[in-house]
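J.: just the structure for this:
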Amino acid sequence: MAKKGEELAVVSEVQRLEVRPGDVVVVRCEKRIRPEFAVYLKKRIRAHFPDNEVIVIDGGIELQVLADPES
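T.: So this is what the prediction gives:
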């Protein structure tokens, strides 16, 4: 579980994403995280994708986009 003062590693490489309105952005964390950190992370990701729902899941940090089948 993430502890107070523990920092996240900086990601040096990110795949290019094409996120469309209506897509769902999923952030999966490798380790268990506190609910407060999940809320914080969701707010930070949502700031970059204001037209999308953001879901934070414990158990392997990974950023994915689920395409809206209607678009």
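J.: list the beta-bridge partners for the residue most central in space within the chain.
T.: By C-alpha atoms, centre = their mean, the chain has its centre lying nearest to Val27, at 2.9 Å. Judged by DSSP bridges, the bridge partners of Val27 are Val56, Leu63.
J.: helices of this structure, start to end?
T.: Remark: helices assigned in the chain by DSSP state H are 35-48.
J.: remind me which residues of it are low pLDDT?
T.: 1-16, 60-63 (pLDDT under 70).
J.: circling back: what about the residue nearest to the centre of the chain, distance to Pro50?
T.: Distance of Val27 to Pro50, computed by C-beta to C-beta, to the nearest Å: 15 Å. C-beta: built from backbone N, CA, C; applies to glycine.
J.: can you check Arg20 too?
T.: On the measure of C-beta to C-beta, Arg20 and Pro50 end up 13 Å apart.
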